[in-house]
Each structure stands twice: as C-alpha cells, then as structure tokens.
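**Student:** Fold the stuff below for me.
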Amino acid sequence: MWFGIYKKEIKSYLQSPVIYALAGIFLFLMAYFTLGMIVEFADIYRDFNMRRMYGMDEMNVTQWVIRGFFSLLNFLLLFLIPVLTMRLLAEERKNRTFEILTSCPISDGDIVFGKYLAALTLILALLLASLVYPLLVERFSQPEWPVILTGYLGLVLTVLAYLAFGLFASTVTENQIIASFLSFSGLVFFYLVGDVTSSKEGWLGKISSELSLRQHSLSFSNGVIELRDVFYLLAFAGFFLFLSLEILKIRRWKA
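**Tutor:** Predicted coordinates:
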C-alpha cells in the first residue's frame, strides 16, 4: 500500500510550482558557486606566486574544486530538505486528512515509507542533475572520478539522514513553518556540533565529534569510504524514521 502514498506525494510535488522554483534556485546556486571555484582555481594556477602562496604546487582540481563542490552541495541541502519535508505529515494534520488516512487499510509503516521515498526520489533527481557540474569540470581539467563517485555515495547517505530528520520534524507539529524551522535547526545542530568543541577536550568533545553529520560526511569527499561513517548515517536515518513511526502510532491511537 506504500506505493499509493508514494504516487500521491510525487504527484503533489510535481504539481507544486514551489518545487520548480526551489529546484531552479538550487541548480542556479550550484552553477554560480561551482563556476566561481573553477575560475578561482584557474586564476591561481596560472600565477606561480599565488600557487606558492596557496600551496597549490601539489594541489589538483579534485582537491580545489570537487571537494568544495561536495561541501557546497551538503550545505545547500540543509536549507532545501526542511522545505521539502515540512509538508509531508504536517499538511495532513492541518487539512484534517490525517484521520481519513489512518482510517484506510494502510499501516503506519506504509505512510512513513511512502512519504519518505517520494521526498528521496525528488532529491536524488536533483543530485543526478547536479552531475552536469563535474562533467563541466572534466571539459577543462581531469578530475578524479572515483573521488566524485565516492562523494556522491556520501551525499546519498547524508540525504537519507537529512530526510529522516525532516520527516520526524513534520510529525511533531501541524504547522509547516514550525516543522521547517525545527528541521533546519536540528540539522544545523547536528551539522555543526562537532565544530563547537574539540575532540581533545575530553569525552564531551569526542561525543560531539561522533554526533556531527559534517564530520561523518567529510571522508567521502576525499574519496574514502569509512564503515563507521556509513553506519552512523544509516543509524541516524533509521533512528528518526523509527521515531516518526512511533509518533504516527500515537496520533492514530488518539484519532
């Protein structure tokens, strides 16, 4: 039954002009900043003194542009995903269609999975479209494609975590703006928590570093797959999907 929920959500996304506006802004910002990184790299690389200043004698386009490209993608997703997920369940409750949904022979798991997968499909489509930028880099240089593919693997895992938290935020309130704010605030917290304290500052610093979404996504942009990073991102997604499911069960019982 999850497929019916999935189709309904996909149709709702495709019929919303806001989605096309967000996709356009997202791709424009990616193009603008990626082009800026390419131009900056080219300017510095042509100037011997600036190469020495920036330590670019041993730095290539993968280190200068591709790593920045993935950091930019990760950062922009912090803003995009809360907007995409805020309506998933908050809108159902606001429009009083949640009671109708729960009265149908559909399990809570089907509702969570269908809505989650629909949002994931949309984000994956945007990530696929963003491949045009590494291809553009390849026209002027020689980026390392194993690093690019590993970076995209890390982005997919990061998106799974971001979306799960966004869906969770949408289950706790019927106000879409509040849901978006909770999602954004929570993601920023988990994104920056490892930068607040150093791992050398004792157990608090080590815990903060281990909880950081940014820290666990860095190795992928360097072309390295760490199993602990994969496990953390999947566990993060699974935990907040589980919380979303439990909150839905409580809502169904109250309804």
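**Student:** So which residue is smack in the middle of this protein?
**Tutor:** Val159 (3.5 Å; Cα atoms, centre = their mean).
**Student:** pLDDT of the helix or strand where it lies, averaged?
**Tutor:** Applying DSSP states H and E as the criterion places Val159 in helix 145-171. Mean per-residue pLDDT for helix 145-171: 93.
**Student:** buried stuff in the helix or strand following that helix?
**Tutor:** Going down the chain from helix 145-171, the next helix or strand is helix 176-196, by DSSP H and E. For helix 176-196, the neighbour count (16 or more other Cβ atoms under 10 Å) marks 176, 179-180, 182-184, 186-187, 190-191, 193-194 as buried. Where C-beta positions appear, they are placed from N, C-alpha and C, glycine not excepted.
**Student:** By pLDDT, give me the weakest of these.
**Tutor:** Lowest pLDDT among the buried residues of helix 176-196: Gly194, 72.
**Student:** what's the closest non-adjacent residue to that residue?
**Tutor:** Ser212 (2.7 Å; Cβ to Cβ, 6 or more residues apart in numbering).
**Student:** wouldn't that neighbour be in contact with Leu192 here?
**Tutor:** Yes. When contacts are counted by Cβ atoms under 8 Å, Ser212 is listed as touching Leu192 (7.4 Å).
**Student:** Run through the residues that contact Tyr162.
**Tutor:** Residues in contact with Tyr162 (Cβ atoms under 8 Å, 6 or more residues apart in numbering) are 77-78, 81, 187, 213.
**Student:** Return the distance of Glu138 relative to Met37.
**Tutor:** Going from Glu138 to Met37 by Cβ to Cβ, to the nearest Å gives 14 Å.
**Student:** who's more crowded, those two?
**Tutor:** Met37 (19 against 13; other Cβ atoms under 10 Å).
**Student:** Tell me how far the more buried one lies from Leu136.
**Tutor:** In terms of Cβ to Cβ, Met37 sits 11 Å off from Leu136.
**Student:** which phi and psi does the residue nearest to Gly194 have?
**Tutor:** The phi and psi values for Ser212, taken as degrees, to the nearest 10, are phi -70, psi 120.
**Student:** Next: Glu174.
**Tutor:** phi -100, psi 0.
**Student:** what number of residues lie near it?
**Tutor:** 17.
**Student:** Check which residues of the host helix or strand of Ser209 are buried.
**Tutor:** Applying DSSP H and E as the criterion places Ser209 in helix 203-211. Under the neighbour-count criterion of 16+ other Cβ under 10 Å, helix 203-211 has 208-209 buried.
**Student:** mind starting the numbering at 47 from now?
**Tutor:** Noted, 47 is the first residue going forward, which turns the last one into helix 249-257.
**Student:** sorry, back to before: could you give the angle of the helix holding Val205 to helix 222-242?
**Tutor:** 130 degrees (axes from the mean of the first three to the mean of the last three Cα atoms, to 10 degrees).
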